[in-house]
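K.L.:
the amino acid sequence is not available; the structure is as follows:
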């Protein structure tokens, strides 16, 4: 039987992780009229949501017990594992019929394991990482890549529309695989953008004129258009952290090795970002790779 | 003094190189009403233009003597050197005041040398390589990256508009540098696109759904949108030849080394394309790099 679609008035939504992404996303859930329950490692980061009417829960288990849908968007796969599968975790604590939606970029195999263990307890677990960054989260323009049961995905679509647009990529873990494929494309493209602009600078070109000539042609990319000007301005403020990109690339490399895929561009990008991180730039934005070439 | 702008009725245009790019470009010159004179290594490739009213010249020198503007778009830097600076070449044969426009992707230092030697003989030499491929040439939507004297560039703008849109990048050689920066961006982006799609295939994703999720976000690029579907369909027919891309990457690597730029993504792409070429795929399209990852 298809589960009933979620909706304001009949669905209580829990949110675990109210950071740079989760906070605005949870805000959209409130705006849509859902009852909202939040938990975060640092309570202060939920203050604005609480002021708008969200309820605080002291633990993940508390959120699980109180809600029909629990959305998580937290740091690293080890955090996801603890919150879902640890003692007093979501899978252990949620009532049968609850939807658990992990929007963290995480390990595809962990997503499969959560789905399997959740299903054994009557839970519908969906992996649903996103692209679009903090701006996408604020503007409800995220691209959501989901993996899991189709009926559960359909039931959750009204909620996903609060965040942007969602595509069901396949069974459990597929959302994570799609996100890693996304990060792999970014890794290579970033090498091309940084090297192109570093070349242009050293050749004495005016980078503005270069961008004018190349940005709409075969060399064009979102990164060139959006991060190129920031690289040239020396603006390395984080939209997306170097340290988080390294986490994603490590996940992708580990999966690629398992598939026997020789992803050399990805490995090269990982190595260069590793050098950036080692020299103290883990909290800079990913566009700071340009600085590596300008050194 | 500013040279007079070129125009139909008062300017006789010569075209050397009527291949996959030059033939449609020369056709636009005819359509705009210019008197046209052509030369090519293989006369048959000029047949359609001759049928439309172009005049045949037996040699580069013949074109140079007959025309006010000579456009070249030929194979390799060694061909450019021979046609411009060789015995009975363009620089030796052209009347003072003639414009020589090289639209081949070639060596920036050769472009500087041609400009210098041409200037000494009263010639205005512009390097003006293009992006946009054969479709851009047919549809007059090329992006032209020009280097050289600004007055000469302005005078040539009406002719450039027959081919697409032109930006003066800087002094002689700058057009070539901009084109190489373009190719460097493509090299890295191509690694990202190929590896992303190869990963998606091995992870069992539906590539159509993946493209739907990632092509408009941070991972999006012209290559992903245009070549991604061709890669997935196994369509490696040439839009742009592997062997020509290798030529461009070698030029870029040589320049980068001269600048002390450690362009590792470019070097990696060059190495992989070298393997493709060595295994007999030099005449395939650049998207055939996907095959390297699928092997």
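P.N.:
Sure thing, it's come through. None of these values were measured; they are calculated from a predicted model. Residues are numbered from 1 along each chain as shown, chains lettered A, B, ... in the order given.

K.L.:
pLDDT value on residue A:239, please?
P.N.:
Here, the pLDDT recorded for residue A:239 equals 87.

K.L.:
with residue A:285 instead?
P.N.:
96.

K.L.:
what is the burial count for the residue nearest to it when sequence neighbours are not counted?
P.N.:
Residue nearest to residue A:285 in three dimensions, not counting chain neighbours: residue A:238, with 4.1 Å by CB to CB, 6 or more residues apart in numbering or on different chains. C-beta here means a position set from N, CA and C on the backbone, and glycine is covered the same way. Per other CB atoms under 10 Å in any protein chain shown, the neighbour tally for residue A:238 reads 18.

K.L.:
wait, residue A:238 sits on residue A:287?
P.N.:
No. Using CB atoms under 8 Å as the test, residue A:238 is too far from residue A:287 to be in contact (9.1 Å).

K.L.:
overlap of the contact sets of these two?
P.N.:
Shared contacts of residue A:238 and residue A:287 (CB atoms under 8 Å, 6 or more residues apart in numbering or on different chains): none.

K.L.:
mind showing which ranges of chain A have poor pLDDT?
P.N.:
A:1 (pLDDT under 70).

K.L.:
where do the domain boundaries of it fall?
P.N.:
A:12-171, A:178-294 (automatic domain parsing).

K.L.:
in a markdown table, list these along with distance to residue B:88.
P.N.:
Converted to a markdown table, the domains of chain A look like this (distance: least, CB to CB, whole Å):
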| stretch | distance to residue B:88 |
| --- | --- |
| domain A:12-171 | 58 |
| domain A:178-294 | 32 |
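
K.L.:
circling back to that earlier point, pretty sure the residue nearest to residue A:285 is in a helix, no?
P.N.:
No. Residue A:238: not assigned to a helix; according to DSSP: H, G, I helix; E, B strand; the rest coil it is coil.

K.L.:
list the contacts of residue A:231.
P.N.:
Residue A:231 makes contact with A:193, A:194, A:197, A:287, A:290, according to CB under 8 Å, 6+ apart.

K.L.:
most widely separated two among those residues?
P.N.:
Spanning the widest gap among these are A:197 and A:287, at 10.1 Å by CB to CB.

K.L.:
can stretch A:176-184 be said to contact chain B?
P.N.:
Yes. Stretch A:176-184 lies within reach of chain B by CB under 8 Å from any CB of the partner chain, at A:177, A:178, A:180, A:181, A:182, A:183, A:184.

K.L.:
now name the helix or strand holding the fourth one.
P.N.:
Assignment of secondary structure by DSSP states H and E places residue A:181 within helix A:174-202.

K.L.:
beyond that helix, next helix or strand please.
P.N.:
Remark: after helix A:174-202, the chain's next helix or strand is helix A:207-214, criterion DSSP H and E.

K.L.:
and for that next one, what's in contact with it?
P.N.:
A:196-197, A:200-201, A:220, A:224-225, A:228-229, A:232, B:131, B:143-145, B:167-170, B:178, B:181-182, B:185.

K.L.:
of the contacts of residue A:231, list those near chain B.
P.N.:
A:193, A:194, A:197.

K.L.:
output these in CSV; the columns should cover neighbour count.
P.N.:
Formatted as CSV, the ones next to chain B among the contacts of residue A:231 follow (neighbours: other CB atoms under 10 Å in any protein chain shown):
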residue, neighbour count
A:193, 31
A:194, 31
A:197, 26
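
K.L.:
and these, which is closest to residue A:102?
P.N.:
Nearest to residue A:102 out of those is residue A:193 (CB to CB; 30.4 Å).

K.L.:
confirm for me that that closest one is in contact with residue B:187.
P.N.:
No. Contact criterion CB under 8 Å: residue A:193 and residue B:187 do not qualify, at 11.0 Å.

K.L.:
who touches the residue sitting furthest away from the middle of chain A in this structure?
P.N.:
What lies farthest from the middle of chain A is residue A:204; by CA atoms, centre = their mean that is 37.9 Å. Counting by CB under 8 Å, 6+ apart, residue A:204 touches B:170, B:174, B:177.

K.L.:
do residue A:217 as well
P.N.:
Neighbour list for residue A:217: B:131, B:132, B:136, B:143, B:182, B:222 [criterion: CB under 8 Å, 6+ apart].

K.L.:
what bridges to the nearest residue to it once chain neighbours are set aside?
P.N.:
Setting aside the residues directly before and after it, residue A:217 is nearest to residue B:131 in space (CB to CB, 6+ apart), at 4.3 Å. Under DSSP bridges, the beta-bridge partners of residue B:131 are residue B:143.

K.L.:
now the helices for the stretch 51-200 of chain A?
P.N.:
A:60-66, A:77-85, A:90-93, A:108-120, A:133-138, A:150-160, A:174-202 (DSSP state H, counting those that start in this stretch).

K.L.:
tally of neighbours for residue A:281?
P.N.:
The burial count assigned to residue A:281 is 19, neighbours taken as other CB under 10 Å.

K.L.:
over to residue A:48?
P.N.:
Residues within reach of residue A:48, counting by other CB under 10 Å, total 14.

K.L.:
was I right about residue A:173 contacting residue A:127?
P.N.:
Yes. Residue A:173 is within contact range of residue A:127, at 6.3 Å (criterion: CB under 8 Å).

K.L.:
these two: who's more crowded?
P.N.:
Here residue A:173 and residue A:127 are compared on neighbour count by other CB under 10 Å; more neighbours surround residue A:127, at 33 against 25.

K.L.:
how about the contacts made by that one?
P.N.:
Neighbour list for residue A:127: A:102, A:106, A:108, A:111, A:114-115, A:146-148, A:172-176 [criterion: CB under 8 Å, 6+ apart].

K.L.:
ok, now which ones touch residue A:223?
P.N.:
A:186, A:189, A:190, A:193, B:218, B:221.

K.L.:
please identify the helix or strand for it.
P.N.:
Taking DSSP H and E as the criterion, residue A:223 maps to helix A:222-232.

K.L.:
next, the buried residues of that helix.
P.N.:
Neighbour-count burial for helix A:222-232, with 16 or more other CB atoms under 10 Å in any protein chain shown as criterion, is recorded at A:222, A:223, A:224, A:227, A:228, A:229, A:230, A:231, A:232.

K.L.:
which one of the residues you listed sits closest to residue A:122?
P.N.:
Nearest member of those to residue A:122, counting by CB to CB, is residue A:222, at 41.0 Å.

K.L.:
wait, residue A:58 touches residue A:40, no?
P.N.:
No. When contacts are counted by CB under 8 Å, residue A:58 is not listed as touching residue A:40 (10.7 Å).

K.L.:
neighbour-wise, which of the two wins?
P.N.:
Neighbour totals were compared for residue A:58 and residue A:40, and residue A:40 leads with 21 against 9 (other CB under 10 Å).

K.L.:
doesn't residue A:16 make contact with the more buried one?
P.N.:
Yes. Residue A:40 is in contact with residue A:16 according to CB under 8 Å; the separation is 7.1 Å.

K.L.:
shared neighbours, those two?
P.N.:
With contacts taken as CB under 8 Å, 6+ apart, residue A:40 and residue A:16 have residue A:22 as neighbours in common.

K.L.:
could you measure from residue A:261 over to residue A:267?
P.N.:
As judged by CB to CB, to the nearest Å, residue A:261 and residue A:267 stand 11 Å apart.

K.L.:
quick check on the two: which one has the bigger neighbour count.
P.N.:
residue A:261 (21 against 18).

K.L.:
surely that one is within a helix?
P.N.:
No. Judged by three-state DSSP, residue A:261 forms no part of a helix; its state is coil.
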